[in-house]
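Q: could you work out the structure for the sequence below:
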Amino acid sequence: MSVNKPTNISADDREKSAKRASLLEKASDAFGLDNLSPAAVPVMLESDKAKKFASKRKVTEQPAIADQPVPSPSANTPTKLERPAEVPAVAFSGDRQTVARELLRDQGLIDPDGGASRLLEEFRIVKRQVLATAKVEGSAASRRVLVCSPHPNEGKTFCALNLALAMAAERDGEVLLIDADFGKPSILSKLGLHSDTGFMDVLADPSAHVEDHVVGTDIPGLWVLGAGARTGRDSEYLASERTWEVLNRLTRGAPNRMIVFDSPPALAATPASELAKHVGQALLVARADSTGQVALEDAIDLLSACPDIRLLLNDATFSPSGRKFGSYYGYGE
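A: Numbers count the residues shown, from 1 in each chain. Model (predicted):
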């Protein structure tokens, strides 16, 4: 470490030096700045800094391209994007047969001419839930409803018939009831109708039109399709692509048409599980004090292809809430 010694400077020397020296020169003499050199400047700046301080690029004008001739429209060239035309709904136009009202009453079914009743009110509740689901989903599959039960004699045909009769009362809709219980068909006979062909005949014949086999009724909004001739290969036909074609033909373009299937019991025959792949809703009928929990669980597993499965309790004589319908209208008192 060195210490600078003071130097004697005369007044004359200061005046002479002040006249000829600038401030920088004075600072250099006093602090020894002669040995300092300017900082080194890199040849090229870093990428980010180079972008910041880069000069603007000159835009070179591209030569103009001559206009290309526009081809004149021809018959095969569309002039504008057109929306595909909607496919019209398949209409039912078969001869209408008379439903035997007395036969309905003898079986305890809804009488469309009998006015309000406790049974009708109960199935109105079921109908409203089914229609609400179909409206929310808005798909063709949601308008197809499967009515099934685990075992025979649990009331699935009784419920399918009453549901269809209740739906037929809708002012702006129609319902097609399909007998898919090919082993023991009974829908036509319970309504007092007759037909030589039905659902299975349409599936077995690729050239058949399903609407030609639908039976009309004198109940407004109610149409019926029988089971048809039994082939012994019911499940194989239901699992074929033909089933998709037929059911899509029934629901395509018909947002107000509901399809109700009366299928065989799920634990007794395989068609129920195949039909579950084609529907958006399923009603699993359980008979009060008869159907077991294990049977219901097994049936639900077989119908698991359907996204919406609901339990429908049949033949119940006790209501925990004490709710009863029909007495308001004079029934069941």
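Q: any low-confidence regions in the chain?
A: Scanning the chain for pLDDT under 70 picks out the ranges 1-88, 318-333.
Q: all helices for it, in order.
A: In the chain, the segments counted as helices under DSSP state H are 11-20, 23-31, 47-53, 101-106, 118-137, 156-168, 187-191, 199-204, 234-238, 241-251, 271-275, 293-302.
Q: so who does Leu302 touch?
A: Neighbour list for Leu302: 266-267, 272-273, 276 [criterion: Cβ atoms under 8 Å, 6 or more residues apart in numbering]. To be clear about C-beta, it is placed using only N, CA and C from the backbone, and glycine gets the same treatment.
Q: could you rerun that using 6 Å?
A: 266, 273 (Cβ atoms under 6 Å, 6 or more residues apart in numbering).
Q: still on that earlier bit, need the helices of the chain in TSV with distance to Leu312, can you?
A: Formatted as TSV, the helices of the chain follow (distance: least, Cβ to Cβ, whole Å):
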stretch	distance to Leu312
helix 11-20	115
helix 23-31	103
helix 47-53	72
helix 101-106	20
helix 118-137	7
helix 156-168	6
helix 187-191	18
helix 199-204	22
helix 234-238	22
helix 241-251	22
helix 271-275	15
helix 293-302	11
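Q: what about the nearest residue to Ala316 once chain neighbours are set aside, how many residues nearby?
A: In space, Ala316 comes closest to Ala288 once its chain neighbours are excluded; the distance is 4.2 Å by Cβ to Cβ, 6 or more residues apart in numbering. Residues near Ala288, counting by other Cβ atoms under 10 Å, number 13.
Q: so Ala288 versus Ile300, what's the distance?
A: 18 Å (Cβ to Cβ, to the nearest Å).
Q: again, but for Arg124
A: Remark: distance between Arg124 and Ile300 (Cβ to Cβ) = 26 Å.
Q: again, but for Asp172
A: 33 Å.
Q: more neighbours: which of these two?
A: Using other Cβ under 10 Å, the more surrounded residue of Asp172 and Ile300 is Ile300, with 16 against 6.
Q: so who does Glu174 touch?
A: 221, 257.
Q: what bridges to it?
A: Arg257 (DSSP bridges).
Q: what's the burial count for Thr291?
A: For Thr291, using other Cβ under 10 Å, the count is 22.
Q: that one and Leu284, how far apart?
A: 9 Å.
Q: next: Val202.
A: 26 Å.
Q: over to Thr243?
A: Thr243 is 21 Å from Leu284, by Cβ to Cβ.
Q: same question, Phe123
A: Computed as Cβ to Cβ, the Phe123 to Leu284 distance reads 16 Å.
Q: neighbours around Arg230, how many?
A: Look at Arg230: counted by other Cβ under 10 Å, it has 12 neighbours.
Q: so it makes contact with Asp181?
A: No: counting by Cβ atoms under 6 Å, Arg230 does not reach Asp181; the two are 10.4 Å apart.
Q: give me the contacts around stretch 250-259.
A: Against stretch 250-259 from outside (Cβ under 6 Å, 6+ apart): 87-89, 140, 143-144, 167, 172-176.
Q: now with 8 Å?
A: The contact list for stretch 250-259 (Cβ under 8 Å, 6+ apart) reads 86-90, 130-131, 134, 138, 140-141, 143-145, 167, 170, 172-176, 178, 210-211, 247, 279.
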